[in-house]
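In: Show me the folded form of this:
(chains A and B)
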Amino acid sequence: MKYIDEYRDEVLTRGLLDEIRRTATRPWTLMEVCGGQTHSLLRSGLDQLLPPEIELVHGPGCPVCVTPLELIDKAIALASRPEVIFVSYGDMLRVPGSERDLFSVKAAGGNVRVVYSPLDSLKIARENPDKTVVFFGIGFETTAPANAMAVVQAKAQGIENFAMLVSHVTVPAAICALLESPDVRVNGFLAAGHVCTVMGYWEYEPLVEKYHVPIVVTGFEPVDIARGVLMCVKQLEEGRAEVENAYARAVRREGNRPAQAVINDVFEPCDRPWRGIGVIPRSGYRFRDAYRDFDAELRFPEVQTIATKESSLCLSGLVLQGLKKPNQCPAFGKECTPQTPLGATMVSSEGACAAYYRYGRLAEVQTPNPQIQTGQAG
Amino acid sequence: MCLGIPGRVIELYQVNGMKMGKVDFGGVVKEACLAYLPDLKVGDYTIIHVGFGISQLDEEEAQQTLALLREMDMLAGELDAP
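Out: A predicted model of the protein is given here:
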């Protein structure tokens, strides 16, 4: 398919890997921010083909993984109410709450539905005027325009039996928190390409100045990721720290202005807790006053009192900050598998633990003569 | 979650005052909201995420990048040649 196949080209990827090998003279640790990039990296085997100087650690860019346990418990409480139809993206159904997940609410007779687009939840609301449709509005800046549009349309069309449980998080604040953390040793970042299609990359320019780390906007196919790594390593070797764009076919500096306008109309920045990491100041969105009628937590105030502490068994917080690799967790592949997940990083299709399990990075060993896998995701 | 799939716009229309369209993903056709891409025309390529077009793909940029990479590959081949 156009715009995919040419970026899975093995010859081009190998050429970029050779150039990375020629460029890197000492060890560098890079973080790919987005969980989609982590999966692509492992699926293609690029992680095993990079020269030993380059280490990629996996970032917090998986909204399913960083959604706090408390919000999952609130979702489960809402979904269990007989007057509610709870609507979600599919990824959230198997994320364990403190006692059960949304899937088990559905199995027990709860009205839980999965949609592809948030606009589908408005259709469900129109067809079920006697129920309240609650949509689980999670995601990064990539998803915010879609969720915001659903609320704008609900207001415009007078759909009153629609509400949203909002758990939106934003990338630049998370990168800042990682850079401020004394434990985190990341020399450069591969910024999440699809977040940047919406927000652009001007927000990162003050960060590279303040922290003197290169940030390279990077796509998702093997050629894109190898190119992002190369551009980042070149900057580091030359002592530069700039924002560069390795995904220019999709990302412009200013981003998607009409999408930003609707996000800003519906949401305002707020502090948000990140699962496994803690509260990061101004790292998410909540409804502005004009749209507060659609806030599920105000519509059902009883859920506001739900407060849940996270389990101490799961290392996902350290994994999400790039401090541990999934296969360094004692529970990985034993107590914790995609069938019996202890944490969200093992549940989500984009979680680093799920990626390590799925692509067989079960221990810290290198496979001899790994090949670039250029096929479609299975 | 932030998965975005490139597709080609094959039809444009309005629903509830919103720009919508049919997008072809290598043979699979789905409806998408294209309100965030006011300049998008039939035949253009866009990245679709949860049923919304979030970016128009820039053919010229794409060709330039690929040409640059192929050139780099050829240069490296010459360097490696005995």
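
In: what about the longest strand in chain B?
Out: strand B:5-15 (DSSP state E).

In: Could you list the low-pLDDT ranges of the chain?
Out: All of this refers to chain A. A:311-312, A:364-378 (pLDDT under 70).

In: Not quite, go with chain B.
Out: B:77-82.

In: hey, where'd the strands end up in chain B?
Out: B:5-15, B:18-25, B:28-33, B:45-49, B:52-56.

In: right, so those: which one is the most enclosed?
Out: Greatest average neighbour count among those goes to strand B:52-56 (a mean of 27), per mean count of other C-beta atoms under 10 Å in any protein chain shown. (Each C-beta comes from the backbone N, C-alpha and C, glycine too.)

In: got the contact list for that one?
Out: Strand B:52-56 is touched from outside by A:117, A:142, A:145-146, A:149, A:194, A:197-198, A:250-251, A:256, A:259, B:4, B:21, B:23, B:32-37, B:39-40, B:44-48, with contacts defined as C-beta atoms under 8 Å, 6 or more residues apart in numbering or on different chains.

In: can we see that at 6 Å?
Out: A:146, A:197, A:198, A:250, B:32, B:33, B:34, B:37, B:40, B:44, B:46, B:47 (C-beta atoms under 6 Å, 6 or more residues apart in numbering or on different chains).

In: follow-up on the earlier one: got CSV for the strands of chain B, with distance to residue A:98 too?
Out: As requested, these are exported to CSV (distance: least, C-beta to C-beta, whole Å):
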stretch, distance to residue A:98
strand B:5-15, 34
strand B:18-25, 38
strand B:28-33, 35
strand B:45-49, 30
strand B:52-56, 33
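
In: need the next SSE after the longest strand seen in chain A, C-terminal direction.
Out: Secondary structure assigned by DSSP E gives strand A:278-287 as the longest strand of chain A. Under the assignment DSSP states H and E, the closest C-terminal helix or strand after strand A:278-287 is helix A:296-299.

In: neighbours around residue A:252, how many?
Out: 18 (other C-beta atoms under 10 Å in any protein chain shown).

In: what does the longest strand of chain B rub up against?
Out: A:3, B:20, B:21, B:22, B:23, B:24, B:25, B:42, B:44, B:45, B:47, B:48.

In: Quick check on the closest residue to chain B within the stretch 101-250 of chain A: phi, psi?
Out: As assessed by C-beta to the nearest C-beta, chain B sits closest to residue A:117 within the stretch 101-250 of chain A, at 2.7 Å. Dihedral angles of residue A:117 (phi, psi; degrees, to the nearest 10) stand at phi -120, psi 140.

In: How about it, nearest residue that isn't a chain neighbour?
Out: residue B:51 (2.7 Å; C-beta to C-beta, 6 or more residues apart in numbering or on different chains).

In: was I right about the one you found contacting residue B:32?
Out: Yes. Residue B:51 is within contact range of residue B:32, at 5.4 Å (criterion: C-beta atoms under 6 Å).

In: Distance-wise, check residue B:72 relative to residue A:101.
Out: Going from residue B:72 to residue A:101 by C-beta to C-beta, to the nearest Å gives 47 Å.

In: Same question for residue A:70.
Out: 14 Å.

In: distance of residue A:74 from chain B?
Out: Per C-beta to the nearest C-beta, to the nearest Å, residue A:74 is found 19 Å from chain B.

In: which non-adjacent residue is nearest that residue?
Out: Nearest residue to residue A:74, sequence neighbours excluded (C-beta to C-beta, 6+ apart): residue A:303, at 4.5 Å.

In: residues contacting the one you found?
Out: By C-beta under 6 Å, 6+ apart, the neighbours of residue A:303 are A:74, A:77, A:297.

In: Which single one of these is nearest to residue A:263?
Out: Each of these was scored against residue A:263 by C-beta to C-beta, and residue A:297 proved nearest at 19.4 Å.

In: Quick check on whichever residue of chain B sits closest to chain A: phi, psi?
Out: Scanning chain B for the residue nearest chain A gives residue B:51, at 2.7 Å (criterion: C-beta to the nearest C-beta). Here is the backbone geometry of residue B:51 (degrees, to the nearest 10): phi 80, psi 10.

In: Count the neighbours of it for me.
Out: Residue B:51 has 19 nearby residues by other C-beta under 10 Å.

In: Helix, strand, or coil at the spatially closest residue to residue A:282 that is not a sequence neighbour?
Out: Counting by C-beta to C-beta, 6+ apart, residue A:282 lies nearest to residue A:269, which is 4.6 Å off, once chain neighbours are set aside. Classification of residue A:269 using DSSP: H, G, I helix; E, B strand; the rest coil returns strand.

In: Flag every residue of chain B that's near chain A.
Out: For chain B, the contact set with chain A under C-beta under 6 Å from any C-beta of the partner chain comprises B:1-4, B:6, B:26, B:36, B:47, B:49-52, B:54-55, B:57-58, B:61-62, B:69, B:73, B:76.

In: And the contacts of stretch A:212-228?
Out: By C-beta under 6 Å, 6+ apart, stretch A:212-228 touches A:7-8, A:12-13, A:16-17, A:36-37, A:40-41, A:44, A:46, A:188-191, A:193, A:196, A:201, A:204, A:208, A:231-232, A:235, A:241, A:243-247, A:251.

In: do the same with stretch A:118-136
Out: A:75, A:78, A:83-88, A:92, A:115, A:146-147, A:150, A:153-154, A:159, A:161-165, A:296.

In: Return a ChimeraX selection command for the buried portion of these.
Out: Burial among the contacts of stretch A:118-136 is assessed by 16 or more other C-beta atoms under 10 Å in any protein chain shown; the matching ChimeraX selection reads:
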select /A:75,78,84,85,86,87,88,92,115,146,147,150,153,154,159,161,162,163,164,165,296
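
In: number of nearby residues for residue B:76?
Out: 16.

In: if I pick it, what's in contact with it?
Out: By C-beta under 6 Å, 6+ apart, the contact set of residue B:76 is A:15, A:18.

In: still on that earlier bit, what's the most distant pair in the contacts of strand B:52-56?
Out: Every pair of these checked by C-beta to C-beta; the farthest is A:146 and B:44, at 19.4 Å.

In: can the strand or helix carrying residue A:19 be found next to chain B?
Out: Using DSSP H and E, residue A:19 sits in helix A:10-23. Yes. Legend: contact between helix A:10-23 and chain B by C-beta under 6 Å from any C-beta is shown at A:12, A:15, A:18.

In: quick one: which of these is nearest to residue A:66?
Out: For the residues of helix A:10-23 next to chain B, the closest approach to residue A:66 (C-beta to C-beta) belongs to residue A:12, at 33.0 Å.
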